[in-house]
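A.B. asks: here's my sequence, what's the structure:
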Amino acid sequence: MNQATHAPVLDLSTCDQEPIRTPGSIQPHGFLLTLADDGSVLQASANLQTWIACPAERALRQPLADVIGVDAAQRLQPGLAGELGARPFYVGTITAPNGCHFDASAHRWDGVIIIEFEPVERPEQAGFRDLYPLVGNFLLKVNDAPSIETLSELACQQVRSASGFGRVIVYKFDADGHGHVLAESKTDAYASYMGQHFPASDIPTQARELYALSRIRLIRDANYTPAELVPALNPATGRVNDLSFAVLRSVSPVHLQYMRNMNTMASMSVSLMVKGKLWGLVSCHDEDPNAVSFEKRTACEQVAEILALCIESREDAAELQFRLDLRRIMVSMLAGLTHGSDFIENLSSVFPELLRFARATGAAVVVDRILCYGDTPEQNQIQSLVDWLNVRGHGDIFHTDKLSGIYPPGSELVRNASGVMALPISRIHKHFLIWFRPEYVHTIEWAGYPHDKVVQTAAAGASIQPLQLSPRTSFAAWRETIHGMSQPWHGGEIELALEFRTALLGIALERAEQMAELAEELGRANKELEAFSYSVSHDLRAPLRHIVGFSDLLIESSGSEDVTQRQRFLKNIKEAARMAGKLVDDLLSFSQMGRASLRPSTVDMRELVAACLDKLTIETRNRHIDWEIAPLPTVHADPTFLHLAMFNLLSNAVKFTGQKDPAVIRVSFEDHPDEIVIHVADNGAGFNMDYVHKLFGVFQRLHRMEDFQGTGIGLANVRRIIERHNGRVWANAVLGEGATFSFALPKTPLNTD
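C.D. replies: You can find the predicted model right below:
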């Protein structure tokens with residue numbers, strides 16, 4: 001058994017460049033013909049004469065009956081006359097003029113009809129007699145299987161029984177593409193791969209894509225000599241044939257060498273597709289050549305299909321139970337947060353539930369002070385982490401299971417903070433709720449050294465031939481110990497943490513409103529609230545109506561099998577909840593804007609704009625935007641407030657140029673004796689200047705929400721921020737041609753007393 005130290009990394013990109021879909025040849029244990037729509041032969045495999053004593057060249061442009069015999073052609077006619085799709089379909093068993101019998105399968109692809117013939121001993125039609133007992137036996141046992149691993153073991157046994165392979169394994173692909181063997185059935189003479197991992201490089205990306213398209217692939221003999229297609233180019237396309245779905249498709253020489261290195265002369269792979277994605281494979285190996293008939297392959301494929309459905313059902317059930325348990329904990333926490341008037345003290349009182357919620361060993365609440373619970377880093381280390389998170393601007397949530405990989409000081413926190421999940425609970429201040437997970441030291445057993453791709457060179461006279469990658473040669477168990485990582489964060493934990501954040505912000509908003517009742521600005525705040533109360537009621541009521549309405553529809557359709565309809569209802573519920581949460585977020589931000597103290601300092605506008613553009617990366621991906629950023633000055637302002645104002649203006653420009661290609665957004669400035677003026681201009685939808693007086697009001701929109709979604713609070717925030725800096729804000733626009741938003745900041749230092 002080998003032990004890991006340091007593993008070299010080699011470039012395996014050439015494997016992804018092999019023409020595996022267009023090899024130009026087939027495996028020779030059968031022959032292939034391509035037909036035009038009129039039934040004439042367009043191409044034949046070069047081994048045609050070997051099987052039916054007809055040279056490939058003589059078959060070209062001949063009717064199918066002249067090549068395989070009249071009786072044989074008539075037997076295939078009903079199947080060929082039906083609707084042929086991309087996947088091979090059994091069309092009959094024929095007897096050629098030379099007395100040999102063949103199972104024939106056909107599919108339509110790449111502009112031609114592809115017929116493949118595989119030799120069989122029987123003259124009669126395939127009865128698929130192996131299908132029912134095999135599938136029936138498997139179905140009888142699936143309900144009693146307690147786990148996916150047990151189900152996979154049953155499938156291995158059934159497939160090995162039907163196919164005759166010496167070893168059958170089921171392995172699952174992880175998030176990094178590595179394969180993990182979950183189950184195995186083998187004869188005593190075969191080495192075991194149970195529990196081992198196969199590196200992602202063993203199956204290149206394009207091979208995985210092909211597995212997702214063509215669900216089963218048989219290699220009868222790894223030492224075969226390919227049979228070329230004659231002619232080499234598809235007459236219908238003028239290119240090499242795409243044999244993606246062909247049963248006899250020749251495979252990569254690299255893969256054949258991989259098989260030989262593995263002491264495998266025959267293999268069969270059946271894809272496990274779960275929710276439209278390649279979840280894993282049923283992989284069969286034999287140390288000797290193995291011919292598996294079409295009907296037996298079909299039986300194995302059906303077992304794999306049932307296994308995939310069972311996996312999907314079990315995973316969905318486990319996911320649902322996991323999320324229900326999390327939601328119960330979250331409800332318990334939220335109930336504890338409603339007692340008493342001190343929000344932070346309430347939050348610290350539910351620390352035990354916080355740890356259970358995130359399966360963490362430590363948690364911290366960072367506000368004006370740092371409150372810790374459980375096994376956490378030192379307070380100064382937590383503060384440094386918060387400073388880094390705040391500068392990076394990770395949005396609504398940050399999570400990693402390897403903090404040291406992206407945060408250099410994280411190497412000192414490996415013991416109790418290898419994994420971190422952080423929620424910002426304020427848009428203005430560096431307030432965070434953080435969970436910590438400890439290092440999870442574990443060992444992975446690989447089926448051979450995962451980086452063993454032998455690089456070969458060969459001297460040719462005085463020169464050296466180019467480097468050539470070959471498949472790895474060793475499959476002896478090799479152990480690698482993983483350090484510096486925590487258990488990964490579950491998708492449900494991340495999603496429900498975001499929901500918890502929305503609830504926290506709602507509670508914080510309630511507390512902020514209670515505090516505002518004691519402040520001197522209560523009168524002005526009440527007047528503002530009265531001015532837009534109708535808009536708040538209308539905007540919040542709409543998503544809540546959607547949630548209630550679609551929830552009722554979901555309940556009414558609970559007995560329906562229409563998965564698409566249920567997914568649509570759930571999607572609408574989620575979108576409505578997201579919109580309501582966004583309104584709450586923006587209301588909280590607007591509320592804080594009038595009360596939080598300013599902390600002015602020198603702000604480099606170039607760096608501030610660059611940080612805003614980095615934060616907008618997700619919104620602008622797949623968009624063609626020309627950013628014209630002029631050299632910008634430094635100003636004296638609160639950096640956090642000014643960052644929020646600038647981000648709102650840039651986000652506004654991105655949103656209202658959504659129908660422009662390219663969109664053009666310009667940032668410039670003017671230097672006046674007493675003030676600095678910043679302009680953000682775009683070529684977007686613009687607006688009617690008759691209504692410019694409404695533009696910076698709360699919940700005011702000059703466009704339909706169906707055209708440009710938003711809460712109507714962003715520009716009100718901009719006005720409040722700039723006015724608190726003793727500045728001014730205005731806008732100019734031409735409807736349909738674009739808009740320019742401007743703000744001016746005084747050069748005199750702010751008095752924050």
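
A.B. asks: pull up the gap between Tyr440 and Ser214, please.
C.D. replies: Relative to Ser214, Tyr440 is positioned 38 Å away (CB to CB, to the nearest Å). Bear in mind the C-beta positions are built from the backbone N, C-alpha and C, glycine included.

A.B. asks: same deal with Ala126?
C.D. replies: For Ala126 relative to Ser214 (CB to CB), the value is 20 Å.

A.B. asks: ok so, going back, of Tyr440 and Ser214, who's got more company?
C.D. replies: Ser214 (20 against 15; other CB atoms under 10 Å).

A.B. asks: wait, doesn't that one sit right on Asp242?
C.D. replies: No: Ser214 is beyond contact range of Asp242, at 11.2 Å (criterion: CB atoms under 8 Å).

A.B. asks: does the closest residue in space to Phe165 that isn't next to it in sequence belong to a helix, a strand or coil?
C.D. replies: Distances taken as CB to CB, 6 or more residues apart in numbering place Cys284 nearest to Phe165, at 3.9 Å, with adjacent residues excluded. Of the three states, Cys284 takes strand under DSSP: H, G, I helix; E, B strand; the rest coil.

A.B. asks: tell me who's in contact with Cys284.
C.D. replies: By CB atoms under 8 Å, 6 or more residues apart in numbering, the contact list for Cys284 reads Val159, Arg160, Ser163, Phe165, Arg167, Val168, Ser267, Met268, Ser269, Val270, Cys300.

A.B. asks: just the ones of those in strands?
C.D. replies: Arg167, Val168, Ser267, Met268, Ser269, Val270 (DSSP state E).

A.B. asks: any idea whether Asn263 is helix, strand or coil?
C.D. replies: Quick answer, by three-state DSSP: Asn263 is coil.

A.B. asks: number of nearby residues for it?
C.D. replies: Neighbours of Asn263 (other CB under 10 Å): 12.

A.B. asks: show me the contacts for the residue nearest to it when sequence neighbours are not counted.
C.D. replies: Nearest residue to Asn263 in three dimensions, chain neighbours excluded: Glu287, at 5.8 Å (CB to CB, 6+ apart). Listed by CB under 8 Å, 6+ apart, the contact partners of Glu287 are Gly166, Ala189, Tyr190, Asn263, Thr264, Met265.

A.B. asks: in ChimeraX, how would I select the buried members of those residues?
C.D. replies: Remark: buried members of the contacts of Glu287, expressed as a ChimeraX selection using 16 or more other CB atoms under 10 Å:
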select :166,190,264,265
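
A.B. asks: just the closest of the contacts of Glu287 to Leu33, please.
C.D. replies: Met265 (27.5 Å; CB to CB).

A.B. asks: report pLDDT for the closest one.
C.D. replies: With respect to pLDDT, Met265 scores 94.

A.B. asks: hang on, isn't it packed against Gly166?
C.D. replies: No: assessed by CB under 8 Å, Met265 is found out of contact with Gly166, at 10.0 Å.

A.B. asks: all strands of the stretch 651-753 of the chain, in order?
C.D. replies: 663-671, 675-682, 728-734, 738-746 (DSSP state E, counting those that start in this stretch).

A.B. asks: would a markdown table of the ones you listed with mean neighbour count be doable?
C.D. replies: As requested, these are arranged in a markdown table below (neighbours: other CB atoms under 10 Å):
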| stretch | mean neighbour count |
| --- | --- |
| strand 663-671 | 17 |
| strand 675-682 | 20 |
| strand 728-734 | 17 |
| strand 738-746 | 21 |
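
A.B. asks: out of those strands, which comes closest to Ser40?
C.D. replies: Closest among the strands of the stretch 651-753 of the chain, once you apply CB to CB, is strand 663-671, at 54.2 Å.

A.B. asks: which strands border the closest one, and is each parallel or antiparallel?
C.D. replies: Using DSSP bridges, the strands paired with strand 663-671 are strand 625-629 (parallel), strand 675-682 (antiparallel).

A.B. asks: give me the angle between it and strand 738-746.
C.D. replies: Between strand 663-671 and strand 738-746, the angle comes out at 30 degrees (axes from the mean of the first three to the mean of the last three CA atoms, to 10 degrees).
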